[in-house]
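Undergrad: The following block contains a protein sequence and its predicted model.
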Amino acid sequence: MTTAQPLVDLRDITVSFGAVKALRGVSFDLRPGEVHALLGQNGAGKSTLIKVLSGVNQRDGGTVLVHGKETNFKSAQDSRDSGIAMVYQDLSLVPSMSVASNLFLGREPHGGTKLVRNRSIVHAAQKYLTEQGFPIKASARVGALPFAYRQLTEIAKALMGDIRILVLDEPTSALSAGEEEILFKTVADVTKRGVGVIYVTHRLHEVFRISDRVSVLRDGLNVGTHNTSDITMEKLVSEIVGPGHERMAQATLSVEEGDRRSAFRNESSESSTHAPVIELRGVKNARLNGVDLKVRPGEILGLAGMVGSGRTEILETMFGLRRADEGEVLFEGKPVRWGSPNKAIAAGVALVPEDRHEQGLVLADTIAANIAMPRLPQLTRAGAFTKGEANRRAKKAVSDLNVRAPGIHTKLQNLSGGNQQKVVFGKWLTPEPKLLLLDEPSVGVDVGARDEIYGIIRGFARNGCAVVVVSSELVELTLLCDTLAVIHDGRVTTCVHTSEVEGEERLHHLVQEPAR
Amino acid sequence: MSTATTPAPAAAAESRRNVARDLFSSDRPYGVLLALIALVVFFSIKSDVFFTSANLQNIGRQTTLVTIMAVGMTFVIIAAEIDLSVASILKLSCVSAALFMNDFSNNWFLGAMVGIAVGAFIGLVNGLLTTKLGIPSFLVTLGMLGVAKGIAFVITDTAPVLVDSRPFWAVFYEGSIAGIPVPILWTIVALIIGGVLLHFSTFGRKVYATGGNATAARYSGINTDRTKILCFVFTGVLAGLASLIFTAQGHAARPDFADGLELDVIAAVILGGTSLFGGRGSIIGTLIGSLIIGVLNNGLVLIGVSSSWQIAVKGFIIILAVALSKRS
């Protein structure tokens, strides 16, 4: 296999965005018929590298060889014409149409007339799917398919035409264990025909399961390319995290971690004697398999785990968006059965959701209107909306949280991501909640605003609020949290004090190998 | 961050601006206001009768039904729903009120309450079907358009139901206070109630939030289902009120009238700058939109446009006005 000419050969690729060097000379190659896994933390440069290959990002330096020929992609179409297919996390299918119609979307075969013949499309699509070994019915409506089969349809669509190189960007992040197997089998079938697969993932066990080689990116550099059979999980984790935990050291400086630690020490003895604000006892529902957790006033609890592990669902259960089918939820010692968020909010629970555009904000509305939204019952006098009080609260939130905006009547759609996120926090500032739930609190936020948001979160905890943080950034969890719970398959597998975790590396292991 | 950057006089000016902002909401329908002024100027030049106080009162009376129902429709559309059944609610409400007064009690007040209650009930059914069964309101109210109209025909045998009650005629159409005809006063009452509810009450905030982003509203503890149901009920109540004015005008409830009126109502709301996608709109805008519809209906007759051409010209001007408001 090593003698074959590589399908893709990237040499010394550099890419900069303004002053930021996203890639600082990365080399990477892909051979026919292999699965080459690409690993690295968020921001390590994986996406940038993929986008160079797909023609979305332009490189500043280095060479790109595809099928041995030097190329210079100007657009996604150039890349596609060279036989490279991308499958992204967000799917690009039309749910209301059949698999066949989706496969032929925009390139419908027609005879002499311009009419599309549905029967012949379904026939041609079924023939293609069967030949390529995809277990999908061409006449099925995409929206009615389970998620894994939609993803297979996406892959099947990507592979139509003369495709030799397939890029999969975190294909399993939304799949269940059974669904993963279907995907793995398809990947194996595809490589048998000589297609090379670049497989971007966060899940290390998948690397050992399906890849032939693995490369690790860190801080815009390729820190190692290995045959998968020659490497251990320990080695991979230490390459991903890096020596001396540079990022952690950096982040520590910028958020004055020492300050927080000492503050926590002072209170820790006291806070452990406090009764928990919320306690879950053996909570089960559609996505949870028996969760036991408690959070005390002033404590910051981190939930670590893969996407789909149930960490978001724990927050949703605490917020009244999901009910506990079995087990008990106790709020301030009393059992509660909230069926909707307004009951949880009335009791003193707040949620900063994962998707601020979809779940957190009315983008077409003003800062003041958004901040008033969860507190409408308190802002009502005889049915009238007390605009003066609402504006006072909005002004306080804007100044306390340092939201950079012309005024409280600025619309949310005109703010940057970091300032939008501060407004989501601002919704819960007055009165302060007893329990603050945070789902990926710093996602899509620039570094400066992120540090400010960390400060805001600590401020809530210092005032006695119990905080639960879900994050995919393990550094973030080790920085923010007093205690950490590792979530896997809808239950808590490990619960540790942050000081007991020797660095981020150990936490990676906890998340990757939850069974041990 | 400095908090005291605004000196006191500027603050007072700002609060005046805020009141203006409340009245016009955040979406100022200036473009459509210009269109209305242009139409008024045009018809005043073309017809000597148009800009007389008698004719302007005429326009007010003729626009009453559309304006009153458009106030309710503004709530429904801002909440990102639609109600196609308002004209049919009007039919069923007015024949119910008239039949009640003829067959059970000649008390005009109870009769009026029956008309409004029927409207509220149909609105409640529309709201429940939309939110609890998750059927798009376009379909629910399209069906209700037929159901309510059909029932109105059945219970009246398609014949007009006479109402012989002088106080009823006086309260809802023929009276006047300080020289202002009551239909116009009822319109003003509906506009004020709608304006206060939408722009100054907590309920109004919930309507905007529900239509602007229902998920974010729910995550903020707002009961979006209840908010939507109340919008439908409010529209039903106002359609019931409109039906009483309509009945008092002709001294009879007519189930065969007002076909297609829902399109004028929706056009008035959209002309007024309310977004069909929800989350944006204002009562002032709806008033301007209704007046455009009213001025067109009246002015085109006065300048002698044939009734067939009136329909086409009205449609054309609605498209033009919305296009204008998009550009400004």
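TA: Sure thing, it's come through. These figures come from a predicted structure and were not determined experimentally.
Undergrad: okay, now the residue of the stretch 151-300 of chain A found nearest chain B: neighbour count?
TA: Residue nearest to chain B within the stretch 151-300 of chain A: A:I278 (17.1 Å; C-beta to the nearest C-beta). (Glycine included, C-beta is placed from N, CA and C.) Counted with other C-beta atoms under 10 Å in any protein chain shown, residues neighbouring A:I278 total 25.
Undergrad: wouldn't it be in contact with A:V329 here?
TA: Yes. Contact criterion C-beta atoms under 8 Å: A:I278 and A:V329 qualify, at 7.1 Å.
Undergrad: Give the residues shared as contacts by these two.
TA: A:M318 (C-beta atoms under 8 Å, 6 or more residues apart in numbering or on different chains).
Undergrad: can you tell me the average pLDDT over the helix or strand that contains A:R506?
TA: A:R506 is part of helix A:503-512 when elements are defined by DSSP states H and E. Per-residue pLDDT over helix A:503-512 has a mean of 75.
Undergrad: and if you look at stretch B:311-322?
TA: Averaged across stretch B:311-322, the pLDDT comes to 82.
Undergrad: again, but for stretch A:415-432
TA: The average pLDDT for stretch A:415-432 rounds to 91.
Undergrad: what does the model give the residue nearest to the spatial centre of chain B for pLDDT?
TA: Relative to the mean C-alpha position of chain B, the nearest C-alpha, by C-alpha atoms, centre = their mean, is the one of B:A70, at 1.6 Å. Looking at B:A70, its pLDDT reads 98.
Undergrad: Surely it and B:S290 touch.
TA: Yes. Proximity of B:A70 to B:S290 meets the contact threshold set by C-beta under 8 Å, at 5.1 Å.
Undergrad: Now for those two: what residues contact both?
TA: B:A268, B:G272.
Undergrad: what's the closest non-adjacent residue to the residue of the stretch 101-250 of chain A found nearest chain B?
TA: As assessed by C-beta to the nearest C-beta, chain B sits closest to A:G143 within the stretch 101-250 of chain A, at 15.8 Å. In space, and not counting its chain neighbours, A:G143 is closest to A:P95: 3.3 Å by C-beta to C-beta, 6 or more residues apart in numbering or on different chains.
Undergrad: how close does the one you found sit to chain B?
TA: 17 Å (C-beta to the nearest C-beta, to the nearest Å).
Undergrad: related to what we said a few turns ago, quick one: the residue nearest to the centre of chain B is in a helix?
TA: Yes. Assigned with DSSP: H, G, I helix; E, B strand; the rest coil, B:A70 falls within a helix.
Undergrad: For the helix or strand where B:V41 lies, which outside residues touch it?
TA: Element membership for B:V41, per DSSP H and E: helix B:30-46. Identification of contacts with helix B:30-46 by C-beta under 8 Å, 6+ apart yields B:50-51, B:271-273, B:285, B:288-289, B:291-292, B:295-296, B:298-299, B:302-303, B:317, B:320-322, B:324-328.
Undergrad: what do you get for stretch A:370-390?
TA: Identification of contacts with stretch A:370-390 by C-beta under 8 Å, 6+ apart yields A:345-346, A:350, A:361-362, A:368, A:393-394, A:397, A:408, A:412, A:423, A:426-431, B:18, B:22, B:200-206, B:209, B:216-217, B:220-222.
Undergrad: Just the buried residues from those residues, in PyMOL please.
TA: Buried residues within those, by 16 or more other C-beta atoms under 10 Å in any protein chain shown, are selected in PyMOL with:
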select buried, (chain A and resi 345+350+361+362+368+393+394+397+408+412+423+426+427+428+429+430) or (chain B and resi 200+201+202+203+204+205+206+209+216+217+220+221+222)
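Undergrad: Pull the contacting residues for A:P6.
TA: A:P6 makes contacts with A:D29, A:L30, A:R31, A:L65, A:G68, as judged by C-beta under 8 Å, 6+ apart.
Undergrad: Lovely, talk soon.
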